[in-house]
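# Mind looking at a prediction? Sequence and model below.
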Amino acid sequence: ETMMVDNGFNFNGNFFTISDNHHTPFDQQTIEIGALNSFAATVYASKDLKVQEFLFGVPQIGMGHLAEMRVEVWFDYTGEISDIIVKQDTEVIDRSSLSITHQKVKCQEKDTEEKCDRTSMSAVFLEPLKDNVMAIKAMDFKLRDQTTYLNDGFDISGDSLNAMVTEMIPSPLKGEGLIKVTQNAKYSDYWSADDGRIFEKNTFGSFKQINHEFKRFQDSGDPRTRLHSGFGGVMDYEKLRAQSVFNSTALQAELGETFSHYITISERMTDEMYQEMLIQEHIAMKKLQEMDRQTRWN
């Protein structure tokens, strides 16, 4: 027995009616990291609901089993929640923030009886997911299941609230032993050491250094040179000196652009910006090399 259910899905108080299990027409929603977000699925199960699942980070339609994070809500024969299972390799959600509720509701507004099950979950997300597709899956006590995909899914992006992963790896320098490297971002192949060295981790788990130790403003020579760390101070001093010379009421002179201090790119750039630029250049070079190989092959 099948039945059309009104308002089959709910996100943060907004209801959506599901008419096609492989496509639900709603714009991609944004999940704010660090904030409480709520979801609800309303289903009709003629043989009683056994499991309601919420699947996040699904690679594509039909691959719900590869979800990066899932919440399973299990029910007993009386319709009471018997167990809640969270499956996640990393702390995608704050387990302590998870709340699950269940209630019987009308399947459609015109109904007089409450035959549908509405399962709601709320949780705080701590880090982004790689894929946006979400799915809700229901199974009854006859072990019949139905998965509904929310194609456009959810953009769970932003800075992770979890500490970045670290590893101890052999140093490329002889005699240095093991060094600690930190992953630059979740899913990133690039890892950084405390001294600024950047390493790329390949599919085999090996690390290769892609830069040399970076020391900002290795000063030598005259501070009046543009790349010297004291250059900005020299410019500020000269600007004040020029103001004292030209700020004469008799001359009615104005300080022109000649004495404005232009902040050079090297002065504006932080170590983090430098490392990110280096990584992006390395990625671009790899793509160009791959394009060149494909061109040669064709």
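Cool, the structure landed. Numbering: from 1, shown residues only.
# Could I get the full set of strands for the stretch 101-250 of the chain?
116-124, 133-140, 145-150, 154-155, 166-170, 178-183, 190-193, 198-201, 207-209 (DSSP state E, counting those that start in this stretch).
# remind me which residues of the stretch 101-250 of the chain are low pLDDT?
Low-confidence segments of the stretch 101-250 of the chain, defined by pLDDT under 70: 212-229, 244-250.
# Of the strands of the stretch 101-250 of the chain, flag the one that's most buried.
Highest mean neighbour count among the strands of the stretch 101-250 of the chain (mean count of other CB atoms under 10 Å): strand 133-140, with a mean of 22. Yep, even glycine has a C-beta here, placed from its N, CA and C like the rest.
# For it, C-alpha coordinates in CSV please.
Taking C-alpha atoms only, strand 133-140 is exported to CSV below (Å, rounded to 0.1, in the frame of the first residue of the first chain):
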residue,chain,number,x,y,z
VAL,A,133,23.5,15.2,-1.6
MET,A,134,21.3,14.1,1.3
ALA,A,135,19.0,11.2,1.6
ILE,A,136,16.3,9.9,4.0
LYS,A,137,15.7,6.2,4.2
ALA,A,138,12.9,4.3,5.9
MET,A,139,12.5,0.5,6.5
ASP,A,140,9.5,-1.3,7.9
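# roughly how far out does it sit from the chain middle?
Distance of strand 133-140 from the chain centroid (CA atoms, centre = their mean, to the nearest Å) equals 23 Å.
# quick one: it to strand 145-150, angle?
Counting by axes from the mean of the first three to the mean of the last three CA atoms, to 10 degrees, strand 133-140 lies at 160 degrees to strand 145-150.
# Give me the contact list for strand 133-140.
9, 41, 43, 45-61, 64, 67, 145-151, 153-154 (CB atoms under 8 Å, 6 or more residues apart in numbering).
# That one versus strand 116-124: what angle between them?
140 degrees.
# Give me the neighbour count for the nearest residue to residue 187 once chain neighbours are set aside.
Excluding its sequence neighbours, the residue lying closest to residue 187 (CB to CB, 6 or more residues apart in numbering) is residue 130, at 5.6 Å. The number of residues packed near residue 130 is 10, by other CB atoms under 10 Å.
# quick one: buried residues of stretch 91-107?
Neighbour-count burial for stretch 91-107, counted by 16 or more other CB atoms under 10 Å, picks out 92, 93, 102, 106, 107.
# wouldn't the last one be in contact with residue 8 here?
No - counting by CB atoms under 8 Å, residue 107 sits too far from residue 8 to count as a contact (9.4 Å).
# Show me the common contact partners of the two, please.
What both residue 107 and residue 8 touch, as defined by CB under 8 Å, 6+ apart, is the set residue 42.
# Kindly provide the distance from the residue nearest the centre of the chain to residue 158.
Centroid-nearest residue in the chain: residue 128, 2.9 Å away (criterion: CA atoms, centre = their mean). Distance of residue 128 to residue 158, computed by CB to CB, to the nearest Å: 6 Å.
# circling back: now the buried residues of stretch 91-107 in TSV, please, with extra columns for distance to residue 187.
As requested, those are arranged in TSV below (distance: CB to CB, whole Å):
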residue	distance to residue 187
92	13
93	17
102	34
106	42
107	40
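# helices or strands up against the top helix by length along the chain?
Determined from DSSP state H, the single longest helix within the chain is helix 271-297. Applying 3 or more CB pairs under 8 Å, 6 or more residues apart in numbering; DSSP states H and E, we find helix 271-297 packed against strand 190-193, strand 198-201.
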